[in-house]
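Colleague: take this sequence and fold it.
(chains A and B)
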Amino acid sequence: MKTFKVITILICLVVVGVGFIEIKKHKPTPLIFIVPKGWPKPIYNFKNNPLTVEGFELGKKLFYDERLSKDSTISCASCHQQFSAFATFDHNFSHGYNNTFTTRNAPALQNLAWQKELMWDGGINHLDVQPITPIVAENEMAETLENVIYKLKKDTSYKRMFKNAFGSNEITTERMTKALSQFMVMLVSSNSKYDKVKRGEDTFNLPEKLGYEIFKQKCASCHTEPFFTDLSYRNTGMPLDATINDIGRMRITNNKNDSLKFKVPSLRNVDLTFPYGHDGRFFTLSNVFEHYKSNMQPIHNTDILLKNKLYLSNFQIGQLTAFLFSLTDSSFTKNPLFAAPAYTKPIILHQH
Amino acid sequence: MIIKNLTTTLFCTLLITIAVAQETTTIQLKHKVGDELLQLGTTSYTNQWNEQFTVNKFKYYITALEVEFTNGNKNYSWHKKYHLVDEANAASKTIVLDKKLNNIKAIHFLLGVDSIVNTNGIHTGDLDPMKTMFWTWNTGYIYAKLEGQSSSSKAQAHSFSYHIGGYKANENAVKKISLLIKDNATTDNEIIIEANILAWFNGAKKLKIAEEPICHQPGKLAMDIANNYEKMFSVKL
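Modeller: Below is the predicted model:
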């Protein structure tokens, strides 16, 4: 009887002791978000999702995890490849579950902390909400949120990482998307040759310099610096592709004036993000220039700046191209901080 | 042995005492189609346009609930809660208010979700997008969902599917519902609110399944249907 008492007391002490260990859990390490010099204040609300090293690492693991898809073949990174500034390299459409195509060209993921709305049509109103769309889309990852959370809960390494990032090992949609946002907001591209020239660390060569002048005259009103997009929706005279029937912004607003309007894409890392356009119909930059120069089909709501198309001489096209290549940021596309974490399966790229 | 039994008895007594002391007022939601209680699945109903239909899903959000008393005071204990009522989940049809409330005059709530929650990211609990009351291509909550089948529907598999939501200025489908409980003082522990699905089909908008079997986006049709269904509630005592 006495032994029993002693054992009981000992067990109680251990239980209480363990409780203290839990209370003394370490706090996650804050991660500082650096706003490049001269850039505006980010739109993303960091107060609701404070950046931490642990949250970022968790977000990165999720970003590269194929288990977010129905048959564990597609991760976020399958279609958002770092070497392509997180667009899909060399594909007009990305490849989804069960031999499907997406209906739009995957945009580069960069400088997302400054984007109020996402997607080509601006249908997504918050970065945290964005990952849900490809996860549940039948022609993308084709999975249910319920299954995703179930799979994450079964993985003890996730339990540990959620706890390190958020203080308890509870795994919810909200925490998952917040972690993904922590990774995604860190994808800042601000170190191209153009940026270095702006900071006085480098100089343009002659074609780049001439190209920049032409750019400021002819392109910058929509592809506005420093993001090289004003994030507005515009009709650039791209006729409807009847095989897709993508009406763009009008799908979101139900407003006829928004028919065939799409978000102005950023030109940062443009050399790496081909093909171009919301449906990737332009395979090269010269296709894009040809479109503005002669192939455009203006309609009632085509942008006023493009009503008479956009004349560019071959010489101007050459200089502009030189300038646009100066927007490539290899310190971004090769930053090991954003690369696949070593402890997940290496990503298998589509071989086509 | 006697001591053990005595302890158990004492413990049980204590629990019962606590339960009695914490008497609560509950709101019971009853879903009906006309005079019949709603049964999900194969039970066939007829709407005002003589269209036969079955119901597979019936869900809606009750949020910002306030209880108003006969003396004009209000109880806001549930005000910050977002509650998803789902016919398929019996427990969701009971709302337990924090304590016993007497002299209730009226109940006010939003059928839907406020615009802040629609625009500030992902939420958890009943607002988790996992509950599939969320549009993933055009961010926003679905406030109310009615799905089923009808021979009148020309859509695939004779389905009809009404997903109602919208928070933007010209698409706002949130409805403020006010239900008068009783003019006189009441001490009832249970308030029964009926939601009648037939209200969806008739109101300012004559909603015929044959003509409009699907509403899957915010906009005029969603607002019209919301204008109809805001009148689906009634109080039974």
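Colleague: going forward, measure contacts and count neighbours with C-alpha atoms only.
Modeller: Fine.
Colleague: over to the residue in the stretch 201-350 of chain A that chain B sits nearest to. Which of the three states is it?
Modeller: Of all residues in the stretch 201-350 of chain A, A:Ile252 sits closest to chain B, at 6.4 Å by Cα to the nearest Cα. At A:Ile252 the chain is in helix, as set by DSSP: H, G, I helix; E, B strand; the rest coil.
Colleague: neighbours of the nearest residue to it once chain neighbours are set aside, how many?
Modeller: Computed as Cα to Cα, 6 or more residues apart in numbering or on different chains, the closest residue to A:Ile252 that is not its neighbour in sequence is A:Gly123, at 5.9 Å. By other Cα atoms under 10 Å in any protein chain shown, 22 other residues sit near A:Gly123.
Colleague: same thing with A:Thr243?
Modeller: 7.
Colleague: contacts only, for the residue of the stretch 51-200 of chain A found nearest chain B.
Modeller: Proximity to chain B, evaluated over the stretch 51-200 of chain A using Cα to the nearest Cα, is greatest for A:Gly123 at 4.4 Å. A:Gly123 sits next to A:Glu117, A:Arg249, A:Ile252, B:Trp137, B:Asn138, B:Thr139 when contact means Cα atoms under 8 Å, 6 or more residues apart in numbering or on different chains.
Colleague: same thing but at 7 Å, please
Modeller: Contacts here follow Cα atoms under 7 Å, 6 or more residues apart in numbering or on different chains; on that basis A:Gly123 touches A:Glu117, A:Ile252, B:Trp137, B:Asn138, B:Thr139.
Colleague: keep only those of those that are in helices.
Modeller: A:Ile252 (DSSP state H).
Colleague: could the contacts of A:Gly123 go into JSON lines alongside pLDDT and neighbour count?
Modeller: As requested, the contacts of A:Gly123 are arranged in JSON lines below (pLDDT from 0 to 100; neighbours: other Cα atoms under 10 Å in any protein chain shown):
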{"residue": "A:Glu117", "pLDDT": "97", "neighbour count": "19"}
{"residue": "A:Ile252", "pLDDT": "97", "neighbour count": "19"}
{"residue": "B:Trp137", "pLDDT": "95", "neighbour count": "22"}
{"residue": "B:Asn138", "pLDDT": "96", "neighbour count": "20"}
{"residue": "B:Thr139", "pLDDT": "97", "neighbour count": "23"}
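Colleague: A:Pro134 contacts A:Glu140, correct?
Modeller: Yes - with contact defined as Cα atoms under 7 Å, A:Pro134 counts as touching A:Glu140 (5.5 Å).
Colleague: between the two, which one's more packed in?
Modeller: Using other Cα under 10 Å, the more surrounded residue of A:Pro134 and A:Glu140 is A:Glu140, with 26 against 21.
Colleague: give me the low-pLDDT residue ranges for chain B?
Modeller: Across chain B, residues meeting the criterion (pLDDT under 70) sit at B:1-22, B:183-188, B:237.
Colleague: what of chain A?
Modeller: Residues of chain A meeting the criterion pLDDT under 70: A:1-4, A:6, A:8-25, A:343-352.
Colleague: let's see 90
Modeller: Residue ranges of chain A with pLDDT under 90: A:1-26, A:341-352.
Colleague: per the record, what domains does it have?
Modeller: According to automatic domain parsing, chain A comprises the domains A:46-189+A:332-338, A:193-328.
Colleague: now do the same end-to-end measure for the first one.
Modeller: Between the opening and closing residues of domain A:46-189+A:332-338 there is a gap of 20 Å (Cα to Cα, to the nearest Å).
Colleague: around chain A, pick out the residues from chain B.
Modeller: Residues of chain B lying near chain A by Cα under 7 Å from any Cα of the partner chain: B:Thr119, B:Asn120, B:Gly121, B:Ile122, B:His123, B:Thr124, B:Asp128, B:Met130, B:Thr136, B:Trp137, B:Asn138, B:Thr139.
Colleague: quick one: the single nearest residue of chain B relative to chain A from B:Thr119, how far?
Modeller: With Cα to the nearest Cα as the measure, B:Asn138 is the residue of chain B nearest to chain A, at 4.4 Å. Distance, B:Asn138 to B:Thr119, using Cα to Cα: 11 Å.
Colleague: how about A:Pro40?
Modeller: Distance from A:Pro40 to B:Thr119, counting by Cα to Cα: 21 Å.
Colleague: compare those two (neighbour count), which wins?
Modeller: A direct count of neighbours by other Cα under 10 Å for A:Pro40 and B:Thr119 places B:Thr119 higher, at 17 against 10.
Colleague: give me the phi and psi for the more buried one.
Modeller: Per-residue torsions, B:Thr119: phi -120, psi 0 (degrees, to the nearest 10).
Colleague: that one is in contact with A:Asp128, isn't it?
Modeller: No - applying Cα under 7 Å as the test, B:Thr119 and A:Asp128 come out as separate, 10.2 Å apart.
Colleague: look up phi and psi at residue 211.
Modeller: Because you didn't say which chain, this covers chain A. phi -60, psi -40.
Colleague: circling back: what is the nearest of the contacts of A:Gly123 to B:Val235?
Modeller: Proximity to B:Val235 was ranked across these by Cα to Cα; first place goes to B:Thr139, at 33.5 Å.
Colleague: contacting residues for that closest one?
Modeller: By Cα under 7 Å, 6+ apart, the contact list for B:Thr139 reads A:Gly123, A:Ile124, A:Asn125.
Colleague: test my guess that the second one contacts B:Asn138.
Modeller: Yes - look at A:Ile124 against B:Asn138 with Cα under 7 Å: they come within range, at 5.6 Å.
Colleague: do I have it right that A:Gln160 meets A:Gly167?
Modeller: Slight slip there: residue A:160 is Arg, not Gln. No - A:Arg160 lies out of contact with A:Gly167 (Cα under 7 Å); the separation is 9.7 Å.
Colleague: which residue ranges of the stretch 101-250 of chain A form strands?
Modeller: Shown for the stretch 101-250 of chain A, the strands assigned by DSSP state E, counting those that start in this stretch span residues A:233-234.
Colleague: quick one, helices of the stretch 1-150 of chain A?
Modeller: Here the stretch 1-150 of chain A has its helices, by DSSP state H, counting those that start in this stretch, at A:2-23, A:53-63, A:76-79, A:132-136, A:145-154.
Colleague: dump the contacts of A:Gly123 to TSV, plus distance to A:Lys70.
Modeller: Shown next, in TSV, are those (distance: Cα to Cα, whole Å):
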residue	distance to A:Lys70
A:Glu117	27
A:Ile252	27
B:Trp137	19
B:Asn138	22
B:Thr139	22
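Colleague: now, which of the contacts of A:Gly123 sits nearest A:Ser181?
Modeller: A:Glu117 (13.8 Å).
Colleague: what residues are up against that closest one?
Modeller: Applying Cα under 7 Å, 6+ apart to A:Glu117 gives the contacts A:Gly123, A:Ile124, A:Asn125, A:His126.
Colleague: find the nearest non-adjacent residue to the last one, please.
Modeller: In this case it means A:His126. Once flanking residues are discounted, A:His126 sits nearest to B:Gly121: 5.5 Å by Cα to Cα, 6+ apart.
Colleague: ends of stretch A:87-104, how far apart?
Modeller: 11 Å.
Colleague: got it, and stretch A:93-101?
Modeller: Terminal residues of stretch A:93-101 lie 6 Å apart, using Cα to Cα.
Colleague: for it, buried residues please.
Modeller: Under the neighbour-count criterion of 16 or more other Cα atoms under 10 Å in any protein chain shown, stretch A:93-101 has A:Phe93, A:Ser94, A:His95, A:Gly96, A:Tyr97, A:Phe101 buried.
Colleague: kindly report the same for stretch B:42-56.
Modeller: B:Ser44, B:Tyr45, B:Asn47, B:Glu51, B:Gln52, B:Phe53, B:Thr54, B:Val55, B:Asn56.
Colleague: then stretch A:227-239?
Modeller: Buried-residue list, stretch A:227-239, by 16+ other Cα under 10 Å: A:Phe227, A:Phe228, A:Thr229, A:Asp230, A:Leu231, A:Tyr233, A:Arg234, A:Asn235, A:Thr236, A:Gly237, A:Met238.
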